[in-house]
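Novice: Quick one: sequence and predicted model below, then my questions.
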2 protein chains.
Amino acid sequence: MNFTESEENYIKSIYHLQQETGMVNTNSLAAEMQTRAASVTDMLKKLSGKKMLQYEKYKGFKLTENGKKVALSVVRKHRLWEYFLVEKLGFEWDKVHDIAEELEHVSSNELIERLQQFLGNPSFDPHGDPIPDSNGKIPKINQLNLSVLALNKTAVVSSVSNQSPQMLEMLKHYAIAIGTSIKVIKRFEFDGSMEIKVSKQPACIISELIAKNIFVHYDDK
Amino acid sequence: MNFTESEENYIKSIYHLQQETGMVNTNSLAAEMQTRAASVTDMLKKLSGKKMLQYEKYKGFKLTENGKKVALSVVRKHRLWEYFLVEKLGFEWDKVHDIAEELEHVSSNELIERLQQFLGNPSFDPHGDPIPDSNGKIPKINQLNLSVLALNKTAVVSSVSNQSPQMLEMLKHYAIAIGTSIKVIKRFEFDGSMEIKVSKQPACIISELIAKNIFVHYDDK
DNA sequence: TTTTATTTTTAGATTTGTCTAAATATTATT
DNA sequence: AATAATATTTAGACAAATCTAAAAATAAAA
């Protein structure tokens, strides 16, 4: 089946929202899409006509299996393009989102298969988010939030949930990136900040807010 | 100024047509765009409102200087993406046109500047067509048609005007590609066919039609 | 359990790009 | 120069995606 750019964007947003909440409601989707509830309702009808949605008036909605497939294919394209932009074209990660939003709607499947190969079949995008394979399978990783990592256990930064320029600036300052080794030396009860040790850096202190946006996994050597 | 995908496509088509004829008329543009004359008229009004066109009702039209700039920027993007698809992703040249038609509308200027650098600032796309630079300047090459190349003068294939799968198949068979050295040994009056010598290949005969689609230039060593 | 507030949907309008059919202009032919 | 043929434009309609304002359904509060 064929989808317009707008339909793909709605499907992708619904996918992201239902990851959190299971069921999605009109207003939250309107907020996510930066549009009006009335516009959302119109699109819901269209998508449910195309069997992308389980939708009951006034009750909320979620993607069908087919809907999920479409969502994953868009997410896959988005993340592969982000990887391309950062790794091949040298963009900073906070600059790639909007461009990938456009590239993800280019329709050729062969393009995306070849791109994936060209990039060396990456499993994670530059923010650490997993890249679904062509069957929609998502690579899993046992990650936990840095704010709950056991003391003095070395772990590896696997993803960062806030991808703003401000966050990037801070992470650069602390020399933290995806793949960096990190351990927590001490936590301070007063404000939740913590002393950490980043590989090859002197120990330093980060705020609770930063920690909550960093996910790590144990190095499975 | 901002342009829709549709506006960009019209501007690009007008550009290509006016290269041939100077002035463009409604019906030929409708044919080129695979649409109806009435739709063309509607768009002409819109583009002339945006000062992209010199347009007089019933008289024909052509791009303004600003219009040409927009056209060249779209052509640039198209050809850079074609280069990427062939050289980096390994597509055959007859498969890249439709994909580049979509990619050319991705709007980021930084993207295209970085792509150009990443590709090594190519001057010609995989079909031998020149790639305008960021100022709209088009690299020139003194090319002539293979059908009028002087006998026994070695030249280099610089572009091929028919880019169909059928043409590609023939060229592969003759081991002719962009950059291949070639000379004409003999012309046959009977049907315009000619005996040629392609580097490292035994001499062979090609039809007049093939020759007319191949452009060459003298190797300026 | 009414009343109030919130959420969601409908109704109707708007913009963009397209279409068909009819009207008008231009060009070619007798 | 009148008529026929062709090219172009207008008028009016339609689908997609959006919007505002109002109505209807649901949830929360008194």
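Specialist: Nice, I can see it. Every value quoted in this text rests on a predicted model; they were computed, and no experiment measured them.

Novice: how close does the residue lying farthest from the centre of chain A sit to A:L151?
Specialist: Most distant from the centre of chain A: A:F190, at 31.2 Å, with distances by C-alpha atoms, centre = their mean. Shown here: A:F190 relative to A:L151, a distance of 17 Å by C-beta to C-beta, to the nearest Å. For glycine as for every other residue, the C-beta is placed from the backbone atoms N, C-alpha and C.

Novice: And the helices in chain A?
Specialist: Here chain A has its helices, by DSSP state H, at A:5-21, A:26-33, A:37-49, A:65-87, A:97-103, A:109-118, A:165-174, A:208-212.

Novice: Quick one: closest of those helices to DNA strand D.
Specialist: Proximity to DNA strand D (C-beta to the nearest atom of the strand) singles out helix A:37-49 among those, at 3.2 Å.

Novice: burial of A:S123, as a residue count?
Specialist: A:S123 has 14 neighbouring residues, counting by other C-beta atoms under 10 Å in any protein chain shown.

Novice: Just confirm A:Q143 contacts A:D220, I think it does.
Specialist: No - counting by C-beta atoms under 8 Å, A:Q143 stays clear of A:D220, with 11.7 Å between them.

Novice: near DNA strand D, which residues of chain A show up?
Specialist: Proximity of chain A to DNA strand D, by C-beta under 7 Å from any atom of the strand, involves residues A:4-7, A:35-36, A:38-39, A:42-43, A:46, A:58.

Novice: Buried ones only from those residues, please, as a PyMOL command.
Specialist: In PyMOL, this line selects whichever of the residues of chain A next to DNA strand D come out buried by 16 or more other C-beta atoms under 10 Å in any protein chain shown:
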select buried, chain A and resi 7+35+43
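
Novice: Of the residues of chain A next to DNA strand D, just say which sits nearest to B:K95.
Specialist: Nearest to B:K95 among those is A:E5, at 22.7 Å by C-beta to C-beta.

Novice: Give me the distance between the closest one and B:H97.
Specialist: Between A:E5 and B:H97 the distance, using C-beta to C-beta, works out to 21 Å.

Novice: if we can go back for a sec, pick out the most distant pair among the residues of chain A next to DNA strand D.
Specialist: Greatest spacing in the residues of chain A next to DNA strand D, by C-beta to C-beta: A:E5 and A:Y58 (28.1 Å).

Novice: if I pick the residue farthest from the centre of chain A, what's in contact with it?
Specialist: For A:F190, no contacting residues are found, by C-beta atoms under 8 Å, 6 or more residues apart in numbering or on different chains.

Novice: since we're on A:L111, how many residues are nearby?
Specialist: Using other C-beta under 10 Å, A:L111 has 21 neighbouring residues.

Novice: thinking it is in contact with B:I99, fair?
Specialist: Yes - assessed by C-beta under 8 Å, A:L111 is found in contact with B:I99 at 5.4 Å.

Novice: Find residues that contact each of these two.
Specialist: Residues touching both A:L111 and B:I99 (C-beta under 8 Å, 6+ apart) are B:L85.

Novice: Without its sequence neighbours, what residue ends up closest to A:I185?
Specialist: The shortest distance from A:I185 to any non-neighbouring residue, by C-beta to C-beta, 6 or more residues apart in numbering or on different chains, is to A:E195 (4.4 Å).

Novice: any residue of stretch A:55-65 up close to DNA strand C?
Specialist: Yes - contact of stretch A:55-65 with DNA strand C (C-beta under 7 Å from any atom of the strand) involves A:55, A:57-58, A:60.

Novice: Dead centre of chain A: give me the residue that sits there.
Specialist: Geometric middle of chain A (C-alpha atoms, centre = their mean) lands on A:D129, at 4.7 Å.

Novice: how far away is that one from chain B?
Specialist: Distance of A:D129 to chain B, given as C-beta to the nearest C-beta, to the nearest Å: 21 Å.

Novice: On the strand side of things, show who the residue nearest to A:I185 bridges to.
Specialist: A:E195 has these beta-bridge partners by DSSP bridges: A:K186, A:I205.

Novice: Return the residues in contact with it.
Specialist: Contacts of A:E195 (C-beta under 8 Å, 6+ apart): A:184-188, A:203-205.

Novice: could these go into JSON lines alongside pLDDT?
Specialist: Below are the contacts of A:E195 laid out as JSON lines (pLDDT from 0 to 100):
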{"residue": "A:V184", "pLDDT": "97"}
{"residue": "A:I185", "pLDDT": "97"}
{"residue": "A:K186", "pLDDT": "96"}
{"residue": "A:R187", "pLDDT": "96"}
{"residue": "A:F188", "pLDDT": "96"}
{"residue": "A:A203", "pLDDT": "95"}
{"residue": "A:C204", "pLDDT": "96"}
{"residue": "A:I205", "pLDDT": "97"}
